[in-house]
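Trainee: Can you look at this prediction? I've put the sequence above it.
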Amino acid sequence: MVPEIIDENHQEVYGSAFVSREYAVQRGMSGYGKNIENSVHNRRVADHPLVVKGLRAVGSGHSRIVISNADASKLRSTSESLSLLKECRVVIEVD
């Protein structure tokens, strides 16, 4: 399964085009968790994670996560965020 994060306009924010193949092979594109307190302390996301709430899941197998345009803008706005995405430093909370 390849997770994909999109904005409300269905523009990709995170997916296979955003990651380094090397990191994806070593760690997988994302981690998964069921407890936000554990996830924000996960070494994968470092010391100060940016927490973004998914609005809904769409697509085949519900593997496309829709986030708000405002949150998508936050992710796109800094080179640090882009570096973290490239290094697959993403944890997806599921309920």
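Mentor: Arrived safely.
Trainee: could you pull out the strands for the protein?
Mentor: Under the criterion DSSP state E, the chain carries strands at the ranges 4-6, 12-14, 31-33, 54-58, 64-67, 91-93.
Trainee: Including mean pLDDT and distance to residue 76, could those strands go into CSV?
Mentor: The way it works is simple: take the backbone N, C-alpha and C, and place the C-beta from them, glycine included. Supplementary listing: the strands of the chain in CSV, determined by pLDDT from 0 to 100; distance: least, C-beta to C-beta, whole Å:
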stretch, mean pLDDT, distance to residue 76
strand 4-6, 95, 11
strand 12-14, 94, 7
strand 31-33, 92, 22
strand 54-58, 94, 17
strand 64-67, 96, 11
strand 91-93, 92, 18
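Trainee: what's the closest of these to residue 80?
Mentor: Distance to residue 80, taken as C-beta to C-beta, is lowest for strand 12-14 among the strands of the chain, at 14.4 Å.
Trainee: elements contacting the closest one?
Mentor: Judged by 3 or more C-beta pairs under 8 Å, 6 or more residues apart in numbering; DSSP states H and E, strand 12-14 is in contact with strand 4-6, helix 69-77.
Trainee: Strand partners (parallel or antiparallel) of that strand?
Mentor: The sheet places strand 12-14 alongside strand 4-6 (antiparallel), with pairing taken from DSSP bridges.
Trainee: Which residue is the nearest non-sequential neighbour of the residue minimising distance to the centre of the chain?
Mentor: Residue closest to the average C-alpha location in the chain (C-alpha atoms, centre = their mean): residue 90, at 4.6 Å. Across the structure, with C-beta to C-beta, 6 or more residues apart in numbering as the measure, the residue nearest residue 90 apart from its sequence neighbours is residue 30 (4.2 Å).
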